[in-house]
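fold the following, please.
(one chain, ligands or ions: 1)
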Amino acid sequence: MDVVVISGGSGFVGSHLVDAVVTRGFRAVVIDNLITGNPRNLAQWTDDDRVIVYHQDCARPPALDLPVRYVLHFASPASPADYIRYPLETLAAGADGTRGMLELARGHNARFLLASTSEVYGDPLVHPQVESYYGNVNPIGPRSVYDEAKRFAESVVMAYHRTLGVDTAIVRLFNTYGPRMRLNDGRAIPNFVYQALTGQPITIYGDGSMTRSFCYVSDTVEGVLRLLMSDLHDPVNIGNPGEYTILELAQRVLAATGSASPLVYEPAMQDDPKVRRPDIARARTLLDWSPTIPLDQGLAWTIEAFKQDLA
Ligand SMILES: NC(=O)c1ccc[n+]([C@@H]2O[C@H](COP(=O)([O-])OP(=O)(O)OC[C@H]3O[C@@H](n4cnc5c(N)ncnc54)[C@H](O)[C@@H]3O)[C@@H](O)[C@H]2O)c1
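Next comes the predicted model:
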């Protein structure tokens, strides 16, 4: 059975990827130091030898005497609350972690895929964001530990590809949401859902006019796997082009939960992007991929999962 190695596989997106690759007939090897992950995300695979889990840092992955075909590097704190809490660990996941996983792929002659992010576009001056846009990132602000780590990671990946001939891919994920996000994750959807379900005020950072786009996790996983199975090397955006203001999102969460939580406004975070929306022409054309789950449906499933987590 061919093996897919997934760093960050005990996290939100990574654990859904584990489910998807095993369902498609692969074995999965997870490397996760649990800095923001949760072993419960893989509880469904306990005692199943198709999933092997190493709780360690991906910068120094274990030697694997297995037929590794694909290496997916998803390890990194990803929520602003997490990467501001763990700035040095976030820089290391992008730099040392990416090198460690690239070396693993190189040693096995495996195809490597980096989970990059729309944050490489920073506070964008081009809207929607197309892959050819170089971005507008403050290199010394508090968010730079994440944005610059991912930009550096993309650069290392391309150097391994150009110089060492490693078969590589880069996916630039836009906001993804769904079950297994942590209740205290800090990103807008889990924040709002948690606050609405527990009757706490809904916290909006800024005046609510900033826009975001939200992709349900099953759509994201399908896009990532299509890119993995392709022969593309240049970055590809995967995200849902539906664009909502943060205020609209809060109102939808209130309607979907039936909550009477009031809205409260806090100052915006420094360098928080004012707009965010993917141009997905490349994914549509080259991967025949586009998202299928509407926001209201994805929100309903996420709210259900959060209710179970709270119970
Ligand atoms: N979820 C999104 O909306 C989104 C958007 C853009 C990019 N991404 C990228 O996708 C990946 C997964 O994001 P997520 O939302 O699932 O976050 P997450 O925090 O739920 O998962 C990240 C996982 O990586 C692990 N990890 C972190 N540093 C590690 C290290 N050095 N060694 C081993 N494991 C380590 C954590 O313990 C966690 O399990 C990240 O690389 C993130 O940058 C996610």
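
helices or strands up against the strand or helix carrying residue 221?
Element membership of residue 221 [criterion: DSSP states H and E] is helix 217-228. Helices and strands touching helix 217-228, by 3 or more CB pairs under 8 Å, 6 or more residues apart in numbering; DSSP states H and E, are helix 12-23, strand 68-73, strand 111-117, strand 168-173, strand 176-177, strand 236-238, helix 281-287. For the C-beta atoms, the positions are set from N, CA and C on the backbone; glycine is no exception.

any chance of those in CSV, plus distance to residue 228 and mean neighbour count?
As requested, these are exported to CSV (distance: least, CB to CB, whole Å; neighbours: other CB atoms under 10 Å):
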stretch, distance to residue 228, mean neighbour count
helix 12-23, 9, 22
strand 68-73, 6, 25
strand 111-117, 5, 24
strand 168-173, 6, 24
strand 176-177, 16, 24
strand 236-238, 11, 26
helix 281-287, 10, 16
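
so which of these is nearest residue 247?
strand 176-177 (17.2 Å; CB to CB).

name the helices or strands packed onto that closest one?
So strand 176-177, by 3+ CB pairs under 8 Å, 6+ apart, packs with strand 215-216, helix 217-228.

contacts for the shortest one?
Counting by CB atoms under 8 Å, 6 or more residues apart in numbering, the neighbours of strand 215-216 from elsewhere in the structure are 173-178, 238-240, 291, 293, 297-298, 301.

narrow these to those that are buried.
Burial by neighbour count, judged by 16 or more other CB atoms under 10 Å, picks out 173-178, 238-240, 291, 293, 298, 301 from these.

care to break this structure down by domain?
3-179+215-240+277-292, 188-209+243-275+298-310 (automatic domain parsing).

how much space between residue 2 and the ligand?
22 Å (CB to the nearest ligand atom, to the nearest Å).

neighbours of that residue, how many?
13 (other CB atoms under 10 Å).

hang on, the earlier thing: including pLDDT and distance to residue 163, could the buried ones among the contacts of strand 215-216 go into CSV?
Shown next, in CSV, are the buried ones among the contacts of strand 215-216 (pLDDT from 0 to 100; distance: CB to CB, whole Å):
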residue, pLDDT, distance to residue 163
173, 98, 26
174, 98, 29
175, 97, 33
176, 98, 31
177, 98, 37
178, 98, 37
238, 98, 26
239, 98, 30
240, 98, 35
291, 98, 35
293, 98, 39
298, 98, 40
301, 98, 43
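
which of those residues are close to the ligand?
With CB under 6 Å from any ligand atom as the criterion, those include 173, 175, 176 near the ligand.

disregarding residues adjacent in the polypeptide, which is nearest to the last one?
Put plainly, it is residue 176. Of all residues not flanking residue 176 in the chain, residue 220 sits nearest, at 4.4 Å (CB to CB, 6 or more residues apart in numbering).

helices of the stretch 101-250 of the chain, residue ranges please.
Taking DSSP state H, counting those that start in this stretch as the test, the helices found in the stretch 101-250 of the chain are 144-164, 188-197, 217-228, 246-257.

save the ones you listed as TSV, and put in mean pLDDT, distance to the ligand and mean neighbour count too.
TSV is the format used below for these (pLDDT from 0 to 100; distance: least, CB to the nearest ligand atom, whole Å; neighbours: other CB atoms under 10 Å):
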stretch	mean pLDDT	distance to the ligand	mean neighbour count
helix 144-164	98	7	19
helix 188-197	96	9	23
helix 217-228	98	8	21
helix 246-257	97	14	18
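
dump those into CSV; add distance to residue 267 as well.
Output for the helices of the stretch 101-250 of the chain, formatted as CSV (distance: least, CB to CB, whole Å):
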stretch, distance to residue 267
helix 144-164, 19
helix 188-197, 16
helix 217-228, 30
helix 246-257, 14
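
quick one: which of those is nearest residue 207?
helix 246-257 (8.0 Å).

quick one: distance of the closest one to the chain centre.
22 Å (CA atoms, centre = their mean, to the nearest Å).
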